[in-house]
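Enquirer: Provided below are the primary sequence and the corresponding predicted coordinates.
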4 protein chains.
Amino acid sequence: MAPRVTQEYKREVRERILSAAEKLFSSKGYYDTSMDEVVAESGLSKGTIYLYFRSKEDLFVGLQDRQLKESVTVLESAFAPGDSARTKLEKVIGTAFGSMVNASRRSCRISLEFNVAAPRMKSVQRRRDERFMALHGFLAEIIKEGVEKGEFRRDVDPNQTALILMAMADGLSLDWATTNLDFDWKTLTEQVKKMVMEGLPPR
Amino acid sequence: MAPRVTQEYKREVRERILSAAEKLFSSKGYYDTSMDEVVAESGLSKGTIYLYFRSKEDLFVGLQDRQLKESVTVLESAFAPGDSARTKLEKVIGTAFGSMVNASRRSCRISLEFNVAAPRMKSVQRRRDERFMALHGFLAEIIKEGVEKGEFRRDVDPNQTALILMAMADGLSLDWATTNLDFDWKTLTEQVKKMVMEGLPPR
Amino acid sequence: MAPRVTQEYKREVRERILSAAEKLFSSKGYYDTSMDEVVAESGLSKGTIYLYFRSKEDLFVGLQDRQLKESVTVLESAFAPGDSARTKLEKVIGTAFGSMVNASRRSCRISLEFNVAAPRMKSVQRRRDERFMALHGFLAEIIKEGVEKGEFRRDVDPNQTALILMAMADGLSLDWATTNLDFDWKTLTEQVKKMVMEGLPPR
Amino acid sequence: MAPRVTQEYKREVRERILSAAEKLFSSKGYYDTSMDEVVAESGLSKGTIYLYFRSKEDLFVGLQDRQLKESVTVLESAFAPGDSARTKLEKVIGTAFGSMVNASRRSCRISLEFNVAAPRMKSVQRRRDERFMALHGFLAEIIKEGVEKGEFRRDVDPNQTALILMAMADGLSLDWATTNLDFDWKTLTEQVKKMVMEGLPPR
DNA sequence: GATGAATGAGATTTCATTCAT
DNA sequence: TATGAATGAAATCTCATTCAT
C-alpha cells in the first residue's frame, strides 16, 4: 500500500543523503569524511543511511551516478543540425567551459575524488571510463568531420586532438579545484577558442 | 663517528623509506596505505620510520618535496640563449611532454594524490602553489615576450594562455593516470605543438 | 467477524513464521539469522512478525514448543499393554532411532540450537529440562520394572542407565547434525539393541 | 634482537587471551561474548587482542586448537601392549569418562560451541572432523581386533559400534553441559562398562 | 640509534525493535 | 490489523603513534 507517495518520499530522502555526502566529500574528501558526519549533516540516523546505501563506497558511487546524470545532456544539446564542424567545436568549447562558470569548485573537487578513486574502485572506474569514451568519441567525430570537409588541416589527428581538448578541460577543472585562484572562465573560453582555431602566432 | 658516513647512511635510509612510500601511495593511494605496509615494503622497523618522519603526513610531504626537486631543473635547462619565443615554447612543450614518455603512471598518480590532498594539507598546498606559480610565471614570461616581439598575436593573453597550457599538461597527466589507455606521447606532442602554433584550420 | 475463521487464519500465519524461522535457524543458526531474513523467508512483513512474537527470542521459544509438541506422543504410543520390560526397551530404542531415519538433519540441528541456548535462556532451559526429566523418568521406569522382574541384572542402576541411553540418542543426533557423514540408522539401531541386550562379548 | 625472551612472553600473552576467551565463550557463548568483554577479561587492550588473533573467529579457532592439543594424548597412552581388546576398551571407556570427572562443565560447553559452530565455520569443521575420524578409527580398530580374536560377537560391526560409543560420550558431555544436574561420573563409568560388556539382562 | 609490541580512539556496519500511517 | 521506514546502541576491526627495552 501507500504507493506513489512513498516512492517520491524515498527519492527525497535519498537525495538528502547524497547532498550531505556531496558537501562533505567535496570539502573534506572521501576518506576524511566519516559516516558519522554524513549522519549529522543529513539529519538522519545511521540506520537510515545504510537503508539507502549499502556502504560508504556505495554512497560514493551513488554520488558519481548523480553527477554523471546531471551533466549528461549538456553538450549534446548545444548545436544546430546545419552547423559546420568549426562552429560545432566552438559551441562545444563554449558550453563545456561555460558550464564551469556556474559549476562550483565543489563539483570539480568531487570529480577529482572520483578520478583519483577510479583506479581503486571498479564501479567508479567503469562509470568514469564510459563517460570518458563517450565524450572522446563525440569530440573525435566532430573533428573528423572537420578534417574531411577541409575545415581543419589534413594532419590533424581527430583522436589525439579530442584527447587534448578533453585534457584541457579536465586540467582546468583540476587546477581550479586544487587552487584558490579565481579563474576568469569567460575570457579563458575566448582564449581557448582563439588558440584552437588560429594558433598563437598571427596569421 | 665520522660524520660524513653517518650523513650518507641517513640519506640512504630516508631514500629507502620514501621509495617504499612512493610505490605504495601511487598504487594504493595515500589513505589505503598503512604505515605497517610502508614498514613491510621498506624492510625497516616501525620505530625507524618514525625516527625519520614525524608522521604519515610528514612522509607524504617528504615525498612531494623529493618529486618537486627531481623535476625542478628539467624545463629551465632546455633552451639556448638566442631562441625565439616560439622556439622556446615548442621546446618547453617538447620537454614537458617528452618527460612523460619516460615518466611512469606511478609518478602521475602520486602527483594526483598531492593535488587531491592539497586543499586539506597546508604544507602540501603551499608547495604545490609555489610550484604552480613558478611554472606559470615561467610560461607567461615566454608568451609575453612572444607577444611583445610580434611572434604571437596581440590578443593573446599571456597569463590565461600559460594557464591553458599548464592545464593541458595537467589534464593529460590526469587522464593518463586514471585510465588504462596507452597514450602515444610522441605524436601527442606533435599534435599539441601544431595546434598551439597553427590552430586546427588550415592557413 | 466469524471467530472460527480468524482463529484458523492466525494459526496459519503463526505456522508460516515458525516454518520460516525453523528453516533459517537450523541452517544458519539462531545468531546468524536476522529478523529481516525471517521476514523475507516468510513473505510477511516485519510488523506482522512482531505481532505474533514479542521478540526474536520469543520466536525461538515458540519453535521449541512446536518441536516438543510434535514429538511428544511418539514414544508413549509405541508399546502394547502386556509387553515385557525388555520388549518395551527394544521398542523404545527402535522408535527413537527409527524416527531419526525420517527426521531431517534440520531438526537435529535445531535441537542442538536449543541445547546450546538453554543455559542462557531461562524459558528454553525450563522446557528442555522438563522434557529431559520426562523422558528420563519414562526410561528409568521401564528399566526399574525390568530389574524388579529379573529381566535385567540386579546391579543395573535404572537412573544411570536411563541417562546413558538418552545420551546415546542425543550423542548420535549431535554427531549426525554436525558431521556430513551418512548414518545408516537401520543397522545402527540393530547394533544398539544388540549391545544393550547382550553386550559386546559372546554369551 | 631480544629473541628467546620475547617468544616465551608472546606465548604467555596468547595464552592469557585464550583463557579469557574460554571463560567467556563457555559461560556466555560465542555470540553473546563481545570482543570488548574479552578485552576487559584479559586485561589487555583491543589492539593487542587483534595483534594476536586476526578476528573473533580466529580466536575461536585458536581456542579449539588449544583444547584439541590438550586432550590429544589422553586416550592413546592409556593401555599396555599386551592388553586384550576387552581390556583396552574398558580402559578407554575408563579414561574417557574418567577425564570428565576433572573436566569442567566449562570445557564441555565450549566443545558444544565448537560442534554447533562447525557446520558454519570451515576451519572449525575441519578440525572437528579430523578429531572425529581419528577417534573413530582408534575405537573401531580395537573393536575389530576383539571381533577377530573372538573376544566380541561376530555380528558386532566395529564401525557402527565405535560410532555408538563415541556418541555415548558426546551425548553425556552434551547432557552434562546443558543441564544443571550433577553426574556421578564414577558409577556412570561402571554402568557403561557393564552394559557394553554384558548387556542389561543377566547372563 | 633501533626495535616492534602495545595502545585506544575512532571507523564502518548490523540488526532487533518501534511506531506512525 | 498490517506495514516497513526509521532508529541507535552496540558490534567488529583498523591503524597512526608511542615508548620501554
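Expert: Great, that's in hand. Residues are numbered from 1 along each chain as shown, chains lettered A, B, ... in the order given.

Enquirer: for chain A, longest helix please?
Expert: Once chain A is assigned using DSSP state H, the helix that runs over the most residues is helix A:122-148.

Enquirer: mind listing what's buried in that helix?
Expert: Neighbour counts over helix A:122-148 (16 or more other Cβ atoms under 10 Å in any protein chain shown) mark A:124-125, A:127-128, A:131-132, A:135-136, A:139-140, A:142-147 as buried. No exception for glycine: its C-beta is placed from N, CA and C like everyone else's.

Enquirer: contact partners of the lowest-mean-pLDDT helix or strand in chain A?
Expert: Ranked by mean pLDDT, DSSP states H and E, the weakest helix or strand in chain A is helix A:85-102, scoring a mean of 87. With contact meaning Cβ atoms under 8 Å, 6 or more residues apart in numbering or on different chains, helix A:85-102 is reached by A:71, A:74-75, A:78-79, A:83, A:108, A:139, A:142-143, A:145-146, A:149, A:151-152, A:165, A:169, A:172-173, A:176, A:183, A:185-186, A:188-189, A:192-193, A:196-197, B:200-201.

Enquirer: which of these count as buried?
Expert: By neighbour count, with 16+ other Cβ under 10 Å, these hold A:75, A:78-79, A:108, A:139, A:142-143, A:145-146, A:151-152, A:165, A:169, A:172-173, A:176, A:183, A:185, A:188-189, A:192-193, A:196-197, B:200-201 as buried.

Enquirer: now residue A:26: phi and psi?
Expert: Per-residue torsions, residue A:26: phi -70, psi -30 (degrees, to the nearest 10).

Enquirer: any idea how far chain D is from residue A:191?
Expert: Separation of residue A:191 from chain D (Cβ to the nearest Cβ, to the nearest Å): 56 Å.

Enquirer: kindly provide the distance from that residue to DNA strand F.
Expert: Separation of residue A:191 from DNA strand F (Cβ to the nearest atom of the strand, to the nearest Å) stands at 43 Å.

Enquirer: one more: residue A:105?
Expert: Distance, residue A:105 to DNA strand F, by Cβ to the nearest atom of the strand: 27 Å.

Enquirer: quick one, what contacts that residue?
Expert: Residue A:105 is in contact with A:26, A:176, A:177, counting by Cβ under 8 Å, 6+ apart.

Enquirer: what's the domain layout of chain A?
Expert: The record's domain split for chain A, according to automatic domain parsing, is A:4-60, A:72-198.

Enquirer: check whether the last one contacts DNA strand E.
Expert: No: under the criterion of Cβ under 7 Å from any atom of the strand, DNA strand E is not reached by domain A:72-198; the shortest gap measures 12.1 Å.

Enquirer: and the residue lying closest to residue A:31 once chain neighbours are set aside, how many neighbours does it have?
Expert: Nearest residue to residue A:31, sequence neighbours excluded (Cβ to Cβ, 6 or more residues apart in numbering or on different chains): residue B:31, at 4.0 Å. Residue B:31 is flanked by 18 other residues according to other Cβ atoms under 10 Å in any protein chain shown.

Enquirer: equivalent analysis for residue A:103, please.
Expert: 16.

Enquirer: for residue A:114, same thing?
Expert: 24.

Enquirer: looking at it, it is touching residue A:64, isn't it?
Expert: Yes: contact criterion Cβ atoms under 8 Å: residue A:114 and residue A:64 qualify, at 5.1 Å.

Enquirer: anything in contact with each of these two?
Expert: Jointly contacting residue A:114 and residue A:64 under the rule Cβ under 8 Å, 6+ apart are A:124, A:127, A:128.

Enquirer: count of residues packed around the residue of chain A found nearest DNA strand F?
Expert: Going by Cβ to the nearest atom of the strand, DNA strand F is nearest to residue A:47 of chain A, at 2.0 Å. Neighbour count of residue A:47, defined by other Cβ under 10 Å: 8.

Enquirer: measure it to residue A:30 for me?
Expert: Remark: distance between residue A:47 and residue A:30 (Cβ to Cβ, to the nearest Å) = 22 Å.

Enquirer: where does pLDDT dip in chain A?
Expert: Low-confidence segments of chain A (pLDDT under 70): A:1-5, A:72-78.

Enquirer: how far off centre is the following helix or strand past the least confident helix or strand of chain A?
Expert: Counting by DSSP states H and E, the next helix or strand C-terminal to helix A:85-102 is helix A:105-117. Remark: helix A:105-117 is offset 9 Å from the chain centroid, using Cα atoms, centre = their mean, to the nearest Å.

Enquirer: buried residues, helix A:105-117. List them.
Expert: So for helix A:105-117, counting by 16+ other Cβ under 10 Å, buried means A:105, A:107, A:108, A:109, A:110, A:111, A:112, A:113, A:114, A:115, A:116, A:117.

Enquirer: got the angle for it vs helix A:122-148?
Expert: Put simply, helix A:105-117 runs at 100 degrees to helix A:122-148, going by axes from the mean of the first three to the mean of the last three Cα atoms, to 10 degrees.

Enquirer: give me the angle between helix A:105-117 and helix A:85-102.
Expert: Using the same axes, to 10 degrees: helix A:105-117 against helix A:85-102 is 110 degrees.

Enquirer: returning to that earlier point: the residue of chain A closest to DNA strand F and chain C: what is the separation?
Expert: Using Cβ to the nearest Cβ, residue A:47 is found at 12 Å from chain C.

Enquirer: what's in contact with the strand or helix carrying that residue?
Expert: Assigned by DSSP H and E, residue A:47 falls within helix A:46-52. For helix A:46-52, contacts defined as Cβ under 8 Å, 6+ apart pick out A:10, A:13, A:14, A:17, A:35, A:36, A:38, A:39, A:42, A:59.

Enquirer: need the buried ones from the residues you listed selected in ChimeraX.
Expert: In ChimeraX syntax, the buried subset of those is picked out as below (16+ other Cβ under 10 Å):
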select /A:17,35,38,39,42,59
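
Enquirer: which of the contacts of helix A:46-52 fall in helices?
Expert: Reading helices off these with DSSP H, I get A:10, A:13, A:14, A:17, A:35, A:36, A:38, A:39, A:42, A:59.

Enquirer: let me have those residues in CSV, extended by distance to residue D:22.
Expert: Shown next, in CSV, are the ones in helices among the contacts of helix A:46-52 (distance: Cβ to Cβ, whole Å):
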residue, distance to residue D:22
A:10, 47
A:13, 46
A:14, 47
A:17, 43
A:35, 35
A:36, 35
A:38, 40
A:39, 38
A:42, 43
A:59, 40
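
Enquirer: which members of the residues you listed are the farthest-apart pair?
Expert: A:10 and A:36 (22.9 Å; Cβ to Cβ).

Enquirer: wait, what's in contact with the residue in chain A that chain B sits nearest to?
Expert: Distances between chain A and chain B by Cβ to the nearest Cβ are smallest at residue A:171, namely 2.8 Å. By Cβ under 8 Å, 6+ apart, residue A:171 lies in contact with B:166, B:167, B:168, B:169, B:170, B:171, B:172, B:174.

Enquirer: residues in contact with the second one?
Expert: Residue B:167 makes contact with A:167, A:168, A:170, A:171, A:172, A:174, A:175, according to Cβ under 8 Å, 6+ apart.

Enquirer: ok, the fifth one next?
Expert: For residue B:170, the contacting residues are A:167, A:170, A:171, A:174, A:175, taking Cβ under 8 Å, 6+ apart as the criterion.

Enquirer: now tabulate the residues you listed in CSV and tack on secondary structure.
Expert: Compiled in CSV, the contacts of residue B:170 are given as follows (DSSP: H, G, I helix; E, B strand; the rest coil):
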residue, secondary structure
A:167, helix
A:170, helix
A:171, helix
A:174, helix
A:175, helix
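
Enquirer: show me which of those residues is closest to chain D.
Expert: Nearest to chain D, judged by Cβ to the nearest Cβ, of these is residue A:174 at 38.7 Å.

Enquirer: tell me the contacts of that closest one?
Expert: Neighbour list for residue A:174: A:108, A:112, B:115, B:167, B:170, B:171, B:174 [criterion: Cβ under 8 Å, 6+ apart].
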